[in-house]
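K.L.:
Here is a sequence together with a model predicted from it:
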Amino acid sequence: MKIYLILIMLLVVACSSSKNSLKNSLTNFTGYKVYNIDSVKNIYIIYARDNKSLPYKILSRKDNTSNGELIKLNNAYPFILEEVWSKKADLVNGTYYYDTPISVDGDSITSLHAAKNLRGLKFIR
């Protein structure tokens, strides 16, 4: 009986400490800092870095009618990213995104993303 009680107490302590570490990691996330904006045909390409300085290439269709906050260089935004292409899955140097060819930049960026809360260059809260 004592063993079960000790195991339950250890389980409770372990779960609460992992919950706190997850909460701290989410609290410390400030978003993706935009360091470059480019465009190809009907697509905006937003280059951003996360807290760990990992580079992201975020694709967004040009859309001038959306409401929202115009994104600016050197500002951070909590984009909700979804991967649309990965070098791991396809062994090529790019893909088509809405009929527009998009390349991957060397070894630093290995996947392409779209943000659910980005329309054109407008961040939607």
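P.N.:
On my side now, so go ahead.
K.L.:
and the spatially closest residue to Gly31 that is not a sequence neighbour, what does it touch?
P.N.:
Closest residue in space to Gly31, ignoring its immediate chain neighbours: Ala76 at 3.8 Å, by CB to CB, 6 or more residues apart in numbering. In short, each C-beta sits where N, CA and C put it, glycine included. If a contact means CB atoms under 8 Å, 6 or more residues apart in numbering, then Ala76 has Thr30, Gly31, Tyr32, Lys33, Val34 as its contacts.
K.L.:
repeat that for 6 Å
P.N.:
Shown in contact with Ala76 (CB atoms under 6 Å, 6 or more residues apart in numbering): Thr30, Gly31, Lys33.
K.L.:
can you count the residues close to the second one?
P.N.:
Taking other CB atoms under 10 Å as the neighbour definition, Gly31 ends up with a count of 14.
K.L.:
And for the last one?
P.N.:
One way to gauge burial is a neighbour count; for Lys33, by other CB under 10 Å, it gives 17.
K.L.:
Please tell me how far the residue nearest in space to the middle of the chain sits from Leu112.
P.N.:
The residue lying closest to the centre of the chain (CA atoms, centre = their mean) is Leu81, at 4.0 Å. Noted for Leu81: a distance of 10 Å to Leu112, by CB to CB, to the nearest Å.
K.L.:
what's the distance between the host helix or strand of His113 and the middle of its chain?
P.N.:
Using DSSP states H and E, the element containing His113 is strand 111-115. Remark: strand 111-115 is offset 7 Å from the chain centroid, using CA atoms, centre = their mean, to the nearest Å.
K.L.:
Could you pull out the buried residues of that strand?
P.N.:
Within strand 111-115, the residues scored as buried using 16 or more other CB atoms under 10 Å are Leu112, His113, Ala114, Ala115.
K.L.:
could I get these as CSV with distance to Lys57 and pLDDT?
P.N.:
Listed next are the buried residues of strand 111-115 as CSV, based on distance: CB to CB, whole Å; pLDDT from 0 to 100:
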residue, distance to Lys57, pLDDT
Leu112, 5, 89
His113, 7, 92
Ala114, 10, 93
Ala115, 11, 94
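K.L.:
Alright, I will stop here.
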